[in-house]
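Visitor: no FASTA, just this:
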């Protein structure tokens, strides 16, 4: 069974991520990104989708034109697990090399 992070682990690990925030009323984290255009946003989402499929851990997300909002939580554990942190780190890595709007 996948173990939910303790409150201390969660605080420490989320603090090391780039731009992730707690979701109010839920044991989840989210990040909002704005890209230069739809093509950049869609390319980013495609890269995340490939990694998520490899991990068998799929994000909740929302996309309108150049805006992408990603929410991570492990439904099996009803909260944040190491899987979410690993996927968030991957997202941070590829976001750093993407065409984000400044």
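Guide: Structure received. Predicted model, so just to flag it, every value in this text is computed and none were measured. Numbers count the residues shown, from 1 in each chain.
Visitor: Please count neighbours and contacts with C-alpha atoms only from this point.
Guide: OK.
Visitor: remind me, longest helix of this structure?
Guide: Counting by DSSP state H, the longest helix found in the chain is helix 38-55.
Visitor: which strands and helices sit next to the following helix or strand past it?
Guide: Toward the C-terminus, helix 38-55 is succeeded by strand 60-64 as the next helix or strand (DSSP states H and E). Taking 3 or more CA pairs under 8 Å, 6 or more residues apart in numbering; DSSP states H and E as contact, the helices and strands that strand 60-64 lies on are strand 67-72.
Visitor: from the chain's centre, how far out does the strand it packs on sit?
Guide: In terms of CA atoms, centre = their mean, to the nearest Å, the centre of strand 67-72 is found 6 Å from the chain centre.
Visitor: Run through this protein and note the low-pLDDT ranges.
Guide: Low-confidence regions of the chain, defined here as pLDDT under 70, cover residues 102.
Visitor: Helix or strand: which one has the closest residue to residue 57 other than its chain neighbours?
Guide: If the residues on either side of it in the chain are set aside, residue 57 comes closest to residue 83, at 7.3 Å by CA to CA, 6 or more residues apart in numbering. With secondary structure defined by DSSP H and E, residue 83 is part of helix 82-96.
Visitor: contacting residues around stretch 26-42?
Guide: Counting by CA atoms under 8 Å, 6 or more residues apart in numbering, stretch 26-42 makes contact with 19-23, 65-73, 78-80, 98-101, all of which sit outside it.
Visitor: Could you list every helix and strand in contact with the helix holding residue 83?
Guide: Where contact means 3+ CA pairs under 8 Å, 6+ apart, helix 82-96 is packed against helix 38-55.
Visitor: Could you rerun that using 7 Å?
Guide: Applying 3 or more CA pairs under 7 Å, 6 or more residues apart in numbering; DSSP states H and E, one finds that helix 82-96 contacts no other helix or strand.
Visitor: angle of that helix against helix 38-55?
Guide: With axes from the mean of the first three to the mean of the last three CA atoms, to 10 degrees applied, the angle from helix 82-96 to helix 38-55 works out at 150 degrees.
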